[in-house]
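J.: Next one to model:
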Amino acid sequence: MSGHGTPIPMTSRPCGPLNGIANVPGDKSISHRALILGALAIGETRITGLLEGEDVLDTAKAMRAFGAEVTDHGGGEWSVHGVGVGGFAEPENVIDCGNSGTGVRLIMGCMATSDITATFTGDASLNKRPMARVTDPIALFGAQSVGRSGGRLPMTIVGAAEPMPVRYTVPMPSAQVKSAVLLAALNAPGKSVVIEKEATRDHTERMLQGFGAELTVEQTDEGRVITLTGQPELKAQTIVVPRDPSSAAFPVCAAIITPGSDVLIPNIGLNPTRAGLFTTLREMGADLTYENEREEGGEPVADLRAKFSPDLKGIEVDPARAASMIDEYPVLSVVAAFAAGDTVMKGVKELRVKESDRIDAMAKGLRANGVTVDEGEDWWVVKGLGHGNVPGGGTCASQLDHRIAMSFMILGMATQKPVSVDDGSPIATSFPIFEPLMAELGAQLVRSNA
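T.: Residues are numbered from 1 along each chain as shown. Model prediction:
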């Protein structure tokens, strides 16, 4: 599937029990960062388990364009010969980041303090997304940016010839913005400080330390204060990418709502800044357990076992948890449709500026399938109908958003009538094996343009 080509209408039909082992792809966030930091290190970084979705492959192409040697050895095994901090070459062509907000924002950050110029673009969805949240802080280092109105792509970044260290408070909970500033700080002299009032996923901090950067984190009255000493020599690493909790969310949630299901999802990263969905599902009464808990490459990992849970209850999700599950709210809203009572989700305005306006997209699709949804600028409420009572039968717009498309495919597995999406092609950006993996468990997904 391609998120850039001909639309692929898809339909999910109500199915029998889902059973088996779901080997989901590698973590997307860690895959992006492994390629980028490998390109900024000296020597050969070896990566195992890299997610080979379109978003990550676009980041690999970008690192090649900046002068790193990136090699695919097959089977998720990759190597990166880095150019060192400050060693990026000026790319000859426009950098196309496809559908990836993470990719483009992190790459903008890591080239912003080098004396080079680069132009970035993306697909129709990415070119609508706000970039000022990154271009504003990198301007403090001395970088300049020129883009379309509203700070949108295509955009040209002129890196700072003589970057200065900065002290920056991230205005919204965003791991992408925090990470872009930290990557820019790598090639600035002295100590740069990034402050986040609300903790977000910390893969960048963990990986920077693993590559040898001098980085400290402390909790103060200001918030979480990250101090990075610039211009280090990063040393190549061997990285084993854990499997993606955001991808695991789909077979987990499918098993929870589909009668008779029992699915094991092994080797899932359970970084506390990413595992909010699983905590929330347990609070709703889901039969979800962690097995074989361990640590791999500095990240907590476990095998997840998800079973059909007929007595789900609607809850008010703790708003403080939003940053740790921001990408999982769409599929959580699907589970909420099968719970008894209201599921209230607050403090989620970031969903409005993802690959799509995810609150709007999910609300419209759920309503088309007989579920009542109330919404505001930074909150929404799904009025659950209980197990077996969700009508289905609707067609939903995926809005070029992989998580919207997959969420409605999960919905259709337990509704009374099939559920369709107008375009399932964006799924390939993050979960290229979604269809065969779910089919092997017992799902009935069909491409309806055949």
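
J.: For the rest of this, base every contact and every neighbour count on C-alpha atoms.
T.: Will do.

J.: Next one: M345 from T372, what distance?
T.: The gap separating M345 from T372 is 14 Å, by CA to CA, to the nearest Å.

J.: neighbour count winner among these two?
T.: The residue with more neighbours, out of M345 and T372, is M345; 21 against 17, by other CA atoms under 10 Å.

J.: if I pick the more buried one, what's in contact with it?
T.: Applying CA atoms under 8 Å, 6 or more residues apart in numbering, we find M345 in contact with E316, V317, D318, P319, W379, W380, V381.

J.: Which of the helices or strands spans it?
T.: strand 340-346 (DSSP states H and E).

J.: Just the element for the residue of the chain most remote from its centre, please.
T.: Distance from the centre of the chain peaks at E162, with 32.6 Å (CA atoms, centre = their mean). For E162, there is no enclosing helix or strand under DSSP H and E.

J.: quick one: contacts for it?
T.: Taking CA under 8 Å, 6+ apart, one finds T113, D115, G142 in contact with E162.

J.: Spell out, range by range, the helices that occur in the protein.
T.: Assigned by DSSP state H, the chain shows helices spanning 28-40, 54-65, 101-111, 132-141, 175-185, 203-210, 245-257, 276-283, 329-337, 358-368, 402-411, 434-441.

J.: quick one: the first one to chain centroid distance?
T.: The offset between the C-alpha centroid of helix 28-40 and the centroid of the whole chain comes to 13 Å, using CA atoms, centre = their mean, to the nearest Å.

J.: Please export the alpha-carbon coordinates of it; PDB is fine.
T.: The C-alpha coordinates for helix 28-40 follow below in PDB (Å, rounded to 0.1, in the frame of the first residue of the first chain):
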ATOM      1  CA  LYS A  28       8.400   4.100  14.700                       C
ATOM      2  CA  SER A  29       9.700   6.700  17.100                       C
ATOM      3  CA  ILE A  30      12.800   4.800  17.900                       C
ATOM      4  CA  SER A  31      13.400   3.800  14.300                       C
ATOM      5  CA  HIS A  32      13.400   7.500  13.200                       C
ATOM      6  CA  ARG A  33      15.800   8.400  16.000                       C
ATOM      7  CA  ALA A  34      18.200   5.500  15.400                       C
ATOM      8  CA  LEU A  35      18.700   6.500  11.800                       C
ATOM      9  CA  ILE A  36      19.200  10.200  12.600                       C
ATOM     10  CA  LEU A  37      21.600   9.700  15.500                       C
ATOM     11  CA  GLY A  38      23.400   7.000  13.600                       C
ATOM     12  CA  ALA A  39      23.900   9.700  10.900                       C
ATOM     13  CA  LEU A  40      25.300  12.100  13.400                       C
END
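
J.: still on that earlier bit, so which of the helices of the chain is nearest I21?
T.: Ranking these by their distance to I21 (criterion: CA to CA) puts helix 434-441 first, at 7.5 Å.

J.: Show me what the closest one is packed against.
T.: For helix 434-441, the elements it packs on are strand 19-21, judged by 3 or more CA pairs under 8 Å, 6 or more residues apart in numbering; DSSP states H and E.

J.: Name the surrounding residues that touch the strand it packs on.
T.: Applying CA under 8 Å, 6+ apart, the external contacts of strand 19-21 come out as S261, D262, V263, L264, I265, P266, E440, L441, G442.

J.: Surely the second one and F308 touch.
T.: Yes: taking contact to mean CA atoms under 8 Å, the distance of 6.7 Å between D262 and F308 places them in contact.

J.: Mind listing the shared neighbours of these two?
T.: With CA under 8 Å, 6+ apart as the test, D262 and F308 both reach A255.

J.: ok, back up a step: just the buried ones among the contacts of strand 19-21, please.
T.: By neighbour count, with 16 or more other CA atoms under 10 Å, the contacts of strand 19-21 hold S261, D262, V263, L264, I265, P266, L441, G442 as buried.

J.: Which residue comes closest to E77 once chain neighbours are left out?
T.: Distance criterion CA to CA, 6 or more residues apart in numbering; nearest residue to E77, sequence neighbours excluded, is T48 at 4.7 Å.

J.: Which strand residues bridge that neighbour?
T.: For T48, the beta-bridge partners are V240 (DSSP bridges).

J.: Next one: it from R13, what distance?
T.: Taken as CA to CA, the span from T48 to R13 is 35 Å.

J.: what about the two, which has more around it?
T.: Remark: of T48 and R13, R13 carries more neighbours, 23 against 19, as counted by other CA under 10 Å.

J.: Contacts only, for that one.
T.: Contacts for R13 (CA under 8 Å, 6+ apart) come out as G412, M413, K417, P418, V419, A443, Q444, L445.

J.: Where does pLDDT dip in this structure?
T.: The chain contains residues with pLDDT under 70 at 1-4, 297, 449-450.

J.: Domain ranges for it, per the record?
T.: The chain breaks down into these domains under automatic domain parsing: 10-24+242-447, 28-166+177-187.

J.: can I get the ones you listed in TSV with distance to L228?
T.: Compiled in TSV, the domains of the chain are given as follows (distance: least, CA to CA, whole Å):
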stretch	distance to L228
domain 10-24+242-447	19
domain 28-166+177-187	7
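
J.: Could you pull up the residues touching the nearest residue to K307 once chain neighbours are set aside?
T.: Closest residue to K307 apart from its sequence neighbours, by CA to CA, 6+ apart: D262 at 4.4 Å. By CA under 8 Å, 6+ apart, the contact set of D262 is P17, L18, N19, G20, A255, R305, A306, K307, F308.
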